[in-house]
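Asker: Requesting a structural model of the entry that follows:
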Amino acid sequence: MLARAGGNPLYAEQFARLLAEAGSEELSLPENVQGIIAARLDGLPAGAKQLLQDAAVLGKVFWLGAVCAVGGVERRDAEEGLHALERKEFVRRERRSSVGGEDEYAFRHVLVRDVAYGQIPRGSRAERHERAAEWIDALGRPEDHAEMLAHHYLEALELRRAARQEEPPALTERARLAARDAGDRAYSLGALAAARRFYEAALDLWPSDDQERFELLLAYARSRVDDDALDDSVLEDATAGFLRAGKVEAGAEAEARFGGIWLNRGDRDKALEHLEAARQLVEDRGPSPAKAFVLQELARALMMADDYAAIELATESLRLAEALGLDACRSRNLNTIGCGKVKAGDRSGLEDLERAIEIGAAANSHEEVSALANLQTMVGLLGDLRRASELQEQTLTAARRQGVTSFVRWQEAERAIATFWQGRWDEAFDQAGAFLAAGEADTPHYMDSVCHYIRGAIHLARGEMDPARAEARRGTELARPIKDPQALNPAIAFEARVELAVGNLEAAAALADELLEIWRDGGVRPQIESVDGAWVLIGLGRTAELEEALERAVQTLWHDAAKKIASGDAAGAADVYAEIGTVPDEAYARLRAADDLVRSGRRADADAQLRLALPVFAHLGATAWQAEGETLLAESA
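Answerer: Predicted structure coming up:
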């Protein structure tokens, strides 16, 4: 027995019980624990076995009244039967019940439940699920039992279909309504993955010509939250149906949600087309949740484009949200306002973001995740990548907990860039590649260009110039339809850096001209564009233009480092990058400092910089940078 158990205590326990119940030592050893449990069940009296199977239909936890309803058993007989099963330790009676006036039981092990359920003839499972649903429905308080009710009706319907049995219209009706209600309940609790599943089940059963279908389509889109993989027909059909029915506010919300999806797909023009259409629908109408939502989404899009009109629009939406008691909308608008403030140099925006997180969490809303994500971004822009990385992990965990697929996907790209800055390049390269591979070629994602940057930057540092150039060009190609400075500027700056590295000065200069033109209107943004842009302009001998652009920018630690690059103090820039927490930028700046120091004859100082940089290059696998550093080290000896 010990050999067969293979270290599984449940096998030994169940076999010991089987031996005791059989009263004989001449028993064969089943292959697995499920076989032992099945043998124990087969040894029960017929009534006890059926009682256990009826209980299994209900799940790991069940109630006395429900078992009676499923099996058509008298209450007293069921009580006696369950007591006997409790003595044999198949089930246990719970001290407290989640259903008032009903004794609650639970299977001692989920495998016992699974084996008991598996022994039910398939033809009778559907009827038992229907009876379970009817018992739950009779309890009242549908908001507390919505998921259980939907589960049993949907199971009953699926089992009938699998057995090619008749599907009574009444059962289909109850199943679709229960699935919709369960979706609504899950959504209100912030359980978006569960809400999606129930809405999808309801849509599969909903008549295509029923007017309520449009409401269901919109509810389903809400549960998908800007998911770029959502089929366009969901919101297209919803919008058209609402407008035909004169439900203007609902139609406007559907249009605005389509705008959010196009933002994630990286097409700003299409996003604004839908958002502006939504605004026109509600512009002359009175206060409503839909109007607040449309304004918040338009404000969000403007904020992502560094358009400071976003703050005014978000403030208007916030006033509506406060008047109408819309907490998720309050969170979203404080999120937008906070980001807008930080980008404009007002760090009090961080407090708005913290408040947005609190409100979103209290409301069980995905806006908690959105605000966490933007707090992470703003902290990183200000120059604290260590705290930003901690926030990124919190955001990804929260997104997974809530089942917000679109946020999880976005944060997987954010994790890749965080890993890149931390100096874990092999991981970052793989993470970026996995993100790109998971997408669809015909529907790019907003964060694709960032992932191309990561892979291109690693190729560049390793001297792999052709793939670096391909990644850089693809990143810029994908960033152009996005148009947002946070996507486009870094892509242009990095492509210029690659062209400079391969000796294509004409292309590098043209890209630098484009970047400087953008900076004249919007200023130099922190992070990648401030780093790559600085090295490019210094390399092209355009230091004065770099210094002028940096003076106009909102100042952060990233700009401090760029100014030191412009002034010829690469070692000082490296120290600032160390404070920020970007490992590769610090090491590369030390390489450039060593080069400057060797040229000026300060060999000991150059050696000090190289001894800090070379171990990092070895860790990164930055072979081209390492080779250059080793050459300089030999020259400084």
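Asker: Name the residues of stretch 122-135 that are buried.
Answerer: Neighbour-count burial for stretch 122-135 flags Arg125, Ala126, Arg128, His129, Glu130, Arg131, Ala132, Ala133, Trp135 (criterion: 16 or more other CB atoms under 10 Å). C-beta coordinates here come from the backbone N, C-alpha and C atoms, glycine included.
Asker: Was I right to think the fourth one contacts Val57?
Answerer: Spelled out, that is His129. Yes. Counting by CB atoms under 8 Å, His129 does reach Val57; the two are 6.2 Å apart.
Asker: Find the least confident helix or strand in this protein, judged by mean pLDDT.
Answerer: helix 2-5 (a mean of 57; mean pLDDT, DSSP states H and E).
Asker: residue nearest the centroid of the protein?
Answerer: Nearest to the centroid of the C-alpha atoms of the chain, with distances taken as CA atoms, centre = their mean, sits Val408, at 1.5 Å.
Asker: Just say helix, strand or coil for that one.
Answerer: Three states are possible here, and by DSSP: H, G, I helix; E, B strand; the rest coil the one that applies to Val408 is helix.
Asker: Verify the contact between it and Ala399 for me.
Answerer: Yes. Contact status for Val408 versus Ala399: in contact at 4.6 Å, counting by CB under 8 Å.
Asker: list the helices and strands the helix or strand encompassing Gly259 packs on?
Answerer: Counting by DSSP states H and E, the secondary-structure element that holds Gly259 is helix 248-264. Applying 3 or more CB pairs under 8 Å, 6 or more residues apart in numbering; DSSP states H and E, one finds that helix 248-264 makes contact with helix 212-224, helix 232-244, helix 268-282, helix 289-304.
Asker: Export it to PDB, keeping only CA atoms.
Answerer: Output for helix 248-264, consisting of C-alpha atoms alone and laid out as PDB, is shown next (Å, rounded to 0.1, in the frame of the first residue of the first chain):
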ATOM      1  CA  VAL A 248     -29.200  58.400 -26.700                       C
ATOM      2  CA  GLU A 249     -27.200  58.200 -23.400                       C
ATOM      3  CA  ALA A 250     -26.700  54.400 -23.700                       C
ATOM      4  CA  GLY A 251     -25.600  54.900 -27.300                       C
ATOM      5  CA  ALA A 252     -23.100  57.500 -26.300                       C
ATOM      6  CA  GLU A 253     -21.600  55.300 -23.700                       C
ATOM      7  CA  ALA A 254     -21.200  52.500 -26.200                       C
ATOM      8  CA  GLU A 255     -19.500  54.900 -28.600                       C
ATOM      9  CA  ALA A 256     -17.100  56.100 -25.900                       C
ATOM     10  CA  ARG A 257     -16.200  52.600 -24.900                       C
ATOM     11  CA  PHE A 258     -15.300  51.800 -28.500                       C
ATOM     12  CA  GLY A 259     -13.000  54.900 -28.300                       C
ATOM     13  CA  GLY A 260     -11.200  53.300 -25.400                       C
ATOM     14  CA  ILE A 261     -10.700  50.100 -27.300                       C
ATOM     15  CA  TRP A 262      -9.200  52.000 -30.200                       C
ATOM     16  CA  LEU A 263      -6.800  53.800 -27.900                       C
ATOM     17  CA  ASN A 264      -5.500  50.400 -26.700                       C
END
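Asker: relative orientation of it and helix 268-282 in degrees?
Answerer: In terms of direction (axes from the mean of the first three to the mean of the last three CA atoms, to 10 degrees), helix 248-264 departs from helix 268-282 by 170 degrees.
Asker: What's the mean pLDDT across the helix or strand hosting Ala491?
Answerer: When elements are assigned from DSSP H and E, Ala491 belongs to helix 485-501. For helix 485-501, the mean per-residue pLDDT is 97.
Asker: Likewise for stretch 249-257?
Answerer: For stretch 249-257, mean pLDDT is 97.
Asker: Can you list which of the buried residues of stretch 122-135 are found in helices?
Answerer: Secondary structure of those is defined by DSSP state H; positions in helices are Arg125, Ala126, Arg128, His129, Glu130, Arg131, Ala132, Ala133, Trp135.
Asker: Tabulate those residues (CSV), appending distance to Ala593 and pLDDT.
Answerer: Compiled in CSV, those are given as follows (distance: CB to CB, whole Å; pLDDT from 0 to 100):
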residue, distance to Ala593, pLDDT
Arg125, 73, 90
Ala126, 75, 92
Arg128, 76, 94
His129, 72, 95
Glu130, 76, 92
Arg131, 78, 93
Ala132, 73, 93
Ala133, 72, 93
Trp135, 76, 92
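Asker: from those residues, which single one is nearest Asp103?
Answerer: Distance to Asp103 across these (CB to CB) is lowest for Trp135, with 14.0 Å.
Asker: isn't Ala613 right up against Asp595?
Answerer: No. Taking CB under 8 Å as the contact criterion, Ala613 and Asp595 are not neighbours in contact, 10.8 Å apart.
Asker: mind checking the SS state of the closest residue in space to Thr405 that isn't next to it in sequence?
Answerer: Closest residue to Thr405 apart from its sequence neighbours, by CB to CB, 6 or more residues apart in numbering: Asp227 at 5.4 Å. Recorded secondary structure, Asp227: coil (three-state DSSP).
Asker: Likewise for Gly286?
Answerer: Following three-state DSSP, the label given to Gly286 is coil.
Asker: pLDDT at it, what is it?
Answerer: At Gly286, the predicted lDDT confidence score is 95.
Asker: burial count for Ala252?
Answerer: Using other CB atoms under 10 Å, Ala252 has 27 neighbouring residues.
Asker: cool, and Arg257?
Answerer: In terms of burial, Arg257 registers 26 neighbours under the definition other CB under 10 Å.
Asker: got it, and the one 3 residues further on?
Answerer: Here the number of neighbours of Gly260 (other CB under 10 Å) works out to 22.
Asker: Show me which of the buried residues of stretch 122-135 is closest to Trp63.
Answerer: Using CB to CB as the measure, the one of the buried residues of stretch 122-135 that approaches Trp63 most closely is Trp135, at 8.5 Å.
Asker: Just the helices from the stretch 51-200 of the chain, written as ranges.
Answerer: According to DSSP state H, counting those that start in this stretch, the stretch 51-200 of the chain carries its helices in the segments 64-71, 75-87, 110-118, 122-138, 142-162, 169-188, 192-205.
Asker: could you give the angle of the first one to helix 142-162?
Answerer: Right, helix 64-71. Here helix 64-71 runs at an angle of 20 degrees relative to helix 142-162 (the same axes, to 10 degrees).
Asker: Give me the angle between helix 64-71 and helix 122-138.
Answerer: Interaxial angle of helix 64-71 relative to helix 122-138 (the same axes, to 10 degrees): 140 degrees.
Asker: buried stuff in helix 64-71?
Answerer: Going by neighbour count (16+ other CB under 10 Å), the buried part of helix 64-71 is Leu64, Gly65, Ala66, Val67, Cys68, Ala69, Val70, Gly71.
Asker: ok, the last one touching Ala48?
Answerer: To tie it back to what came earlier, the one meant is Gly71. No. Under the contact definition of CB under 8 Å, Gly71 does not touch Ala48, with a separation of 11.3 Å.
Asker: Rounded mean pLDDT for stretch 520-527, please.
Answerer: Confidence over stretch 520-527, taken as the mean pLDDT, stands at 91.
Asker: Quick one: end-to-end distance for that stretch.
Answerer: By CA to CA, to the nearest Å, the extent of stretch 520-527 from end to end equals 18 Å.
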